[in-house]
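Asks: dropping a prediction and its sequence here:
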Amino acid sequence: MMLFRGHWPWAFGALILWLGLGATPLPGALPAGVNQGVFLGWTNAFSLRDDHGKVSAVVVPEIGGRVVSYGRGGRNVLLDNPDSQGKTLAFFPAGFWVGGYQCDIGPGLLGLPERRALWLGPHEARTPRDQTVETASPLDTVTGLQLLKSFTLDSDSGALGLVQRMVNASSNPTKYTLHDRTLCPASGFVLFQLPQVSRYRAGWSLLRATERGPIFDGDQPGSPSVRVMGDLLVAHATGTPGKLGSDTDAGWVAYVRGRLLFVKYFPVWRGAAYAGAGHTVEFSWNDQMAALEVFSPLTALAPGQAFDFPELWQLIELKEEVTTFEDARAAAKKVPPSPFTPAGSR
């Protein structure tokens, strides 16, 4: 069981399990802080705004209930791929690359079949209350899973609360993980706290190419783009592309670019089985993007059961631009503690 510190927007009520939805209300009937219309070529986008007009988030149900924009003062912290604007599976059935945030099931090591309907296809949507939009995927007949999501923008602070729900709608037991991948523009710095107790000697690992294939090295990881500064790992999303990960249990990962600090909070289950390399967080980068990836534990679900993986996003405006590792370390001091208290093993 997970515990929460404080009273966050997504905690106002449980995400309702709905396998079918009614029609979305007309724009004139939408709750406060919600607008519906065209955004970057997608015709059915939902924009959530705070009461001060400073922070907004845009969710597009047409492409898997994806967050394509989350920004402050008109600055989007998420990566936008102009080549994907307005595209949908109906016209591009082979798929296409989109930036922003998306949640999928995993792990990839299970050799899951293609499941574009879950993460790229059209989802149902509704707006049940102020500053909130909820989406629901179609049922994936291969895995028997359905993905439901709830997004609520806090009217005062602009924090974005997410609930990602995995539902076993099949007649068989299942065991999967939820995998959040959030893409940001390159050239910024990722920050997270290293764990005191880790499966890796270094507390983090770096993906290396070997004769046996790519392997995460947690004994002697090293990269010109990465510095360990006390108990903080700082990686600069520039230079030679790379990927790293950690079993950090601090419950947050942050990305700072310019004067905007983007923090993603999430629960960690200590002692739980995490798939693949056992990471709770991974970070990869190239000359275009910086990818922040967050994982839930592997979770067994009996028929009809559901599992919720909540997150809280926050944007913090800094006084000065971050251009060096030292600047990034100083910015990390602005990150408030996670609202999630660590949970026991599942």
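Replies: Structure's in. What do you need?
Asks: buried residues in stretch 88-95, which are they?
Replies: T88, L89 (16 or more other C-beta atoms under 10 Å). In this view, the C-beta of every residue, glycine as well, is placed from N, C-alpha and C.
Asks: swap that for stretch 282-297, sorry
Replies: Under 16+ other C-beta under 10 Å, the buried positions of stretch 282-297 are 282-285, 289-297.
Asks: average model confidence for stretch 49-68?
Replies: For stretch 49-68, mean pLDDT rounds to 97.
Asks: any idea how far apart the tips of it sit?
Replies: End-to-end distance for stretch 49-68: 14 Å, by C-alpha to C-alpha, to the nearest Å.
Asks: roughly how far out does it sit from the chain middle?
Replies: Chain-centre distance of stretch 49-68: 14 Å, with C-alpha atoms, centre = their mean, to the nearest Å.
Asks: equivalent analysis for stretch 236-249, please.
Replies: That offset, for stretch 236-249, works out to 16 Å (C-alpha atoms, centre = their mean).
Asks: do the same with stretch 283-293
Replies: With C-alpha atoms, centre = their mean, you get 13 Å for stretch 283-293.
Asks: what's in contact with that stretch?
Replies: 79, 99, 179-188, 190, 192, 207, 225, 235, 237-238, 241-245, 253, 255, 264, 281-282 (C-beta atoms under 8 Å, 6 or more residues apart in numbering).
Asks: stretch 255-263 too?
Replies: In contact with stretch 255-263 (C-beta under 8 Å, 6+ apart) are residues 70, 72, 75, 77, 184-185, 187-191, 252-254, 290, 292, 313-322, 328, 331, 334-336.
Asks: show me those residues that map onto helices.
Replies: A328, A331 (DSSP state H).
Asks: are any of the contacts of stretch 255-263 buried, and which?
Replies: Looks like the contacts of stretch 255-263 have 70, 72, 77, 184-185, 188-191, 252-254, 290, 292, 313-316, 322, 328, 331, 335 buried, using 16+ other C-beta under 10 Å.
Asks: just give me the neighbour total for L30.
Replies: 16 (other C-beta atoms under 10 Å).
Asks: leaving out the residues flanking it, which one is nearest to it?
Replies: Spatially, and ignoring its direct neighbours in sequence, L30 is nearest to T127 (5.6 Å; C-beta to C-beta, 6 or more residues apart in numbering).
Asks: doesn't V34 make contact with the one you found?
Replies: Yes - judged on C-beta atoms under 8 Å, T127 makes contact with V34 at a distance of 5.0 Å.
Asks: what do these two both touch?
Replies: Common neighbours of T127 and V34 (C-beta under 8 Å, 6+ apart) are F46, V133.
Asks: now the closest residue in space to D219 that isn't next to it in sequence: how far from L194?
Replies: Of all residues not flanking D219 in the chain, R201 sits nearest, at 5.1 Å (C-beta to C-beta, 6+ apart). Distance, R201 to L194, by C-beta to C-beta, to the nearest Å: 12 Å.
Asks: which one's more surrounded, those two?
Replies: Neighbour count, other C-beta under 10 Å: between R201 and L194, L194 has more, with 20 against 12.
Asks: which residues touch the more buried one?
Replies: Contacts of L194 (C-beta under 8 Å, 6+ apart): G203, W204, V228, D231, L232, L233, S246, T248.
Asks: list phi and psi for the residue located most distally from the centre of the chain.
Replies: Distance from the C-alpha centroid of the chain peaks at E211, with 32.1 Å (C-alpha atoms, centre = their mean). Phi and psi for E211, reported as degrees, to the nearest 10, are phi -60, psi -30.
Asks: check G158 too.
Replies: For G158, the backbone dihedrals (degrees, to the nearest 10) come out as phi 80, psi 0.
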